[in-house]
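1. sequence plus predicted model, see below.
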Amino acid sequence: MIATYQATKKCAEFLRWEMDKKRSHYWDSCVFLAWLNDDPEQAPKCEGVLDAADQGKLRIVTSALTITEVLFTKGYEKIDIRDRDKVEALFKSSFITVIDVSRFIAEHARELVWTNDVRPKDSIHVSSAIYAKVDEFNTFDEKLLSLNNKVGDNPLSICIPSYPLQGALGLTVNEEEEEGCIDDDI
């Protein structure tokens, strides 16, 4: 009974988010890790997205897998238990939507492994992003970046995190234009 209530509550939250029509960025675990570890090169690239999400301009989406995977991923410093409060607070933020790994997502992810040579954990992330119909998938993973606009029925835009900033003349500029996703809507 409790599990059914929680599942219904999550479904209702997801539907409310769909109705919001806010721009959405899927964050791969390595993006969370870069920010949590205050990586000098990568963390600043996360700030614009986090600020926009905090201001209600967009929503950050990730898989439930990220909640655990973010603690330690190859190539990144392990998150210490002393940072528990910071990690837990981040994932409880109102602007972050966590997608459960359903059978549908897992089976789609399996196909990505077979057809696109995507690593299993990464395939869960990509499949979750496709399921959530996000505007872009943010990562620092070179292998995933190489899949930009190559997976999904509506090709998934995969890029490093960036969010346009307002220039002095009120024009929208993108500091990461060469690395970030190009978006004609902005």
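-> That came in fine, so what should we check first?
2. any chance you could map the strands in this structure?
-> Secondary structure of the chain by DSSP state E: the strands cover 23-27, 58-63, 96-99, 136-138, 158-159, 165-166, 172-173.
3. possible to save those strands as CSV with distance to residue 109, mean pLDDT and mean neighbour count?
-> To be clear about C-beta, it is placed using only N, CA and C from the backbone, and glycine gets the same treatment. Converted to CSV, the strands of the chain look like this (distance: least, C-beta to C-beta, whole Å; pLDDT from 0 to 100; neighbours: other C-beta atoms under 10 Å):
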stretch, distance to residue 109, mean pLDDT, mean neighbour count
strand 23-27, 14, 95, 25
strand 58-63, 10, 96, 24
strand 96-99, 12, 96, 20
strand 136-138, 14, 97, 28
strand 158-159, 15, 96, 22
strand 165-166, 34, 46, 12
strand 172-173, 34, 46, 11
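4. let me have those strands in a markdown table, extended by distance to residue 86.
-> Shown next, in a markdown table, are the strands of the chain (distance: least, C-beta to C-beta, whole Å):
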| stretch | distance to residue 86 |
| --- | --- |
| strand 23-27 | 16 |
| strand 58-63 | 16 |
| strand 96-99 | 14 |
| strand 136-138 | 20 |
| strand 158-159 | 26 |
| strand 165-166 | 25 |
| strand 172-173 | 31 |
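5. relative to residue 148, which of those strands is closest?
-> With C-beta to C-beta, the closest approach to residue 148 among the strands of the chain belongs to strand 158-159: 4.3 Å.
6. strand partners (parallel or antiparallel) of the closest one?
-> Next to strand 158-159 in the sheet, as set by DSSP bridges, lie strand 136-138 (parallel).
7. what lies in contact with the partner strand?
-> 25-28, 31, 49, 125-126, 129, 144, 156-161, 181, 183 (C-beta atoms under 8 Å, 6 or more residues apart in numbering).
8. stretch 52-59 too?
-> The contact list for stretch 52-59 (C-beta under 8 Å, 6+ apart) reads 17, 20, 22-25, 49, 60, 93, 95-97, 163.
9. can we see that at 10 Å?
-> By C-beta atoms under 10 Å, 6 or more residues apart in numbering, the surrounding residues in contact with stretch 52-59 are 17, 20, 22-27, 49-51, 60, 93-97, 132, 134-136, 163-165.
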